[in-house]
Each structure stands twice: as structure tokens, then as C-alpha cells.
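Q: test case, fold it:
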Amino acid sequence: MASKKPKSGVANGNGSNGSKLSKSEYLERMAPMQLELNAMAQWLQHTGKRLVVLVEGRDTAGKGGTIAAISETLNPRQCHTVALGKPSERELGQWYFQRYVPHLPAAGEIALFDRSWYNRAGVETVMGFCTPAQTEAFLKQAPAFEKLLVDDGVLLFKYWLCVDQAQQEQRFAERLGDPLKRWKLSPIDLEARARYADYGLARERMLKATHKKCAPWTLVDFNDQRLGRLTLIRHLLDHLPDVRVPQAKLKFPALGSKPLTEHFSGSLKPIRLR
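A: Prediction:
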């Protein structure tokens, strides 16, 4: 990239007819990418490379669904989702980045951060959970912290999921009315409705301070969540080596006898669907 401070990349796309992507089309387009994700994971294990993906954005943007789409078919022992809760009293007395360091990947591993250290530049700043001095210190330290990671060989990707307020309102209403999504709605989320502009200002300040050549941000349009997931994953795969690691040949001989039936001699028996 020629410029000293690169512009944030914007990854976007459109459905075949300009409307939101249907579930069937989404699944059809996702299937080959899942094969590529598995090939990428095998390459990481083979080379010992470490991959960190930060998924950031406003409430309801689609962070959790995106991480689930990436990790769905990967080995959970290799691919870890990091979604930290409220810091403990002890963690509040640590260096800010300290609680995130233990969750960084070892050789051959993938760490997907559902929110990350950028909480400080976003929700903590907007909601007053940290002081202006702490925000300022974070914006100075984050590029240095990330450069250390990259210099040590970590493959670092930072994505910001973009969503308009009309879409955010619709998704908040869906969460409120769906008992399976109700857990996603908190008082802080509701407060965010009145602070849409404030979050935008905080984001712009964050991008200006932390979008560096060694660790750039990529913005992805997530007004259509399915299309957004496909776009983000495509971008991630396109920026990693497309290497197919030869698979060890496994012998799978016939059993040589009739398959056995599971048998329990005691009083315990498998439960049955009624």
C-alpha cells in the first residue's frame, strides 16, 4: 500500500437482484467457502501460523453470527471464539490489554474476537465506563500493541461491521419479540439507540488513530447480514495464502464382522424420544 496511512478498506457486495440475499442462495455461496476455511485451517496447522480476527461493530451489526459462520465447520480445538464479559475487580487493576493476551492463539490456532480490546474505544468511551484519559491512552497504545503482534508473526485482521440505524432498530425489535434472541438485549443495548451518533463519532476517532499499515481496518456493509458474512469471509480468504496441504492417506478397511449393537448390562438405559 503506497500511502503511509492507508484508507480503511470497504468490503461490500450485492445480492443477485439487489434485494437481501435469500437463505438458499446464502447457503449455496457459503458451502465452497467453508471448504476454503478448512483448507486455510489445515495450512495454519501445517505452518504453525497464528490467526487473529477481530469482529467489531455496533449492537445488532452481526458480530456473533459472522463468527459462528467462520467457525461452524472448523475444529473447536483449533478455532477459539473469545467473547469476554465484564472485567473483574482484579482485571480493572491490570494493564488494559492484559486480560486479552491469554486468549491470543498459539501455533496453528485461530482466535475470533467477538468484540476485543476495542471495547475501550467504543462502548466504554461512549457509556462513560472509562475516563477520557484512559481512552486517550488506549488510542496511543493499541497501534503499538498490534504492531508487536504482527511483528511476532500473528496474522491480524480487523473488521468493522457497518449497519444503518433503521436496520439496527428493526433488529432490536426482533430481539425484543423473539424469546430465543431476548438474551441479546440488555439495558446497555437499549441505551445505544439514543447514542447512535455518539458511537459514530467514537468509531471515527478510533479508525483515525488505529488504522495503520501493519494492522488496517476493513469496513463491511452489514445492512444485509447474510451478504455481509459472505463478503467478510471472502475478504479474509483472499488475504491469506491459498495453499492446499496434502492430506495423510488413512486406511479404512472393512470391519470383517457384523457391526455390533450398543449393549448395557446394568439398570441404566438410553433415554428415548417420546
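Q: which residue ranges of the chain form helices?
A: Taking DSSP state H as the test, the helices found in the chain are 23-47, 63-71, 89-92, 123-126, 132-151, 165-177, 187-193, 196-210, 225-238.
Q: can I get these in TSV including distance to Ser265 and mean neighbour count?
A: The C-beta positions use only the backbone N, C-alpha and C, and glycine is treated the same way. TSV is the format used below for those (distance: least, CB to CB, whole Å; neighbours: other CB atoms under 10 Å):
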stretch	distance to Ser265	mean neighbour count
helix 23-47	40	15
helix 63-71	40	19
helix 89-92	50	10
helix 123-126	56	21
helix 132-151	55	15
helix 165-177	49	15
helix 187-193	53	14
helix 196-210	61	16
helix 225-238	49	20
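Q: confidence-wise, which of those helices is weakest overall?
A: Here the lowest mean pLDDT among the helices of the chain goes to helix 187-193, at a mean of 83.
Q: how far does that helix sit from the chain's center?
A: 21 Å (CA atoms, centre = their mean, to the nearest Å).
Q: number the residues from 681 up from this point.
A: With 681 as the first residue, the last one maps to helix 867-873.
Q: packing partners of it?
A: Packed against helix 867-873 by the contact rule (3 or more CB pairs under 8 Å, 6 or more residues apart in numbering; DSSP states H and E) you find helix 803-806, helix 845-857.
Q: which one of those lies nearest to Gly765?
A: Taking CB to CB, helix 803-806 is the member of those nearest to Gly765, at 12.6 Å.
Q: from the rest of the structure, what touches the closest one?
A: The contact list for helix 803-806 (CB atoms under 8 Å, 6 or more residues apart in numbering) reads 809-810, 814-815, 868, 872, 875, 878-879, 882.
Q: could you redo the last one with a cut-off of 7 Å?
A: The set of residues external to helix 803-806 that reach it, using CB atoms under 7 Å, 6 or more residues apart in numbering, is 809-810, 815, 868, 875, 878-879, 882.
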